[in-house]
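# What follows is a protein structure lacking sequence information:
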């Protein structure tokens, strides 16, 4: 699960940085940023197309109120949200958007049953899905979770069919899904 990166035109939003260079979590951590000021965004159609329900933004997703409701409704413990201030070029308040992070990290890959590259000779273990992979997860580790990051490939977000179906039923735009069994 992730942002649909096939959009070819520019995004019609930018962050008003207030002295920050980028929005990212503290080194080695996941979760909501602890900023002294609320993250502020300018939504301007002169910059490009308006944001969809889910957009990639540095180490986070920028999500609409609708997306937040769906994600929280399916797996409230899997995500953290930070409210953003959204402004329009005329200074009017824009639609509600949130920075979102998947905070659950599980070591759930059944390495014996999966096909993927595993690197563990120098430094911490890591996975690579480059060139294709087939991922099988340990149900006992996943349990009731509907979304998680892989412990040895944290950028990858894994979700189950229930979360995928909820996103589709809600008509959310900007989300991409790949089959973990045929990556």
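Yep, it's here. Small disclaimer: the values here were computed from a predicted structure and weren't measured.

# Every contact and neighbour count from this point should use C-alpha atoms.
OK.

# Who are the packing partners of the least confident helix or strand in the chain by mean pLDDT?
Within the chain, no helix or strand scores below strand 13-16, which has a mean of 81 by mean pLDDT, DSSP states H and E. Judged by 3 or more Cα pairs under 8 Å, 6 or more residues apart in numbering; DSSP states H and E, the packing partners of strand 13-16 are strand 40-43.

# Relative to the strand it packs on, what are the paired strands and their orientations?
Counting by DSSP bridges, the strands paired with strand 40-43 are strand 13-16 (antiparallel), strand 85-87 (parallel).

# centre of the chain versus the first one, how much separation?
In terms of Cα atoms, centre = their mean, to the nearest Å, the centre of strand 13-16 is found 18 Å from the chain centre.

# returning to that earlier point: report the buried residues of the least confident helix or strand of the chain.
13, 15 (16 or more other Cα atoms under 10 Å).

# Can you give the contact residues for that strand?
By Cα atoms under 8 Å, 6 or more residues apart in numbering, the residues outside strand 13-16 that reach it are 39-45, 47-48, 50-51.

# for stretch 127-138, the distance to its chain's centre please.
Counting by Cα atoms, centre = their mean, stretch 127-138 comes out at 19 Å from the chain centroid.

# My guess is residue 182 contacts residue 131. True?
No. Contact criterion Cα atoms under 8 Å: residue 182 and residue 131 do not qualify, at 11.0 Å.

# and the residue nearest the centre of the chain, backbone torsions?
In the chain, the C-alpha nearest the mean C-alpha coordinate belongs to residue 61, at 4.7 Å (Cα atoms, centre = their mean). When quoted as degrees, to the nearest 10, the phi and psi of residue 61 stand at phi -110, psi 140.

# how about it, what does it touch?
Per Cα under 8 Å, 6+ apart, neighbours of residue 61: 3, 54-55, 99-101.

# which non-adjacent residue is nearest it?
Distances taken as Cα to Cα, 6 or more residues apart in numbering put residue 100 closest to residue 61, at 5.0 Å, once the chain neighbours are dropped.

# what lines up beside whichever strand or helix holds that neighbour in the sheet?
Using DSSP states H and E, residue 100 maps to strand 97-102. With DSSP bridges as the test, strand 97-102 is paired with strand 60-64 (antiparallel), strand 79-83 (antiparallel).

# Toward the C-terminus, what is the element adjacent to the first one?
Beyond strand 60-64 in the direction of the C-terminus, DSSP H and E gives the next helix or strand as helix 65-74.

# separation between the nearest residue to residue 75 once chain neighbours are set aside and residue 173?
Counting by Cα to Cα, 6+ apart, residue 146 is the residue found nearest to residue 75 once chain neighbours are left out, at 6.0 Å. Computed with Cα to Cα, to the nearest Å, the distance linking residue 146 and residue 173 is 20 Å.

# Kindly report the same for residue 182.
Separation of residue 182 from residue 173 (Cα to Cα): 23 Å.
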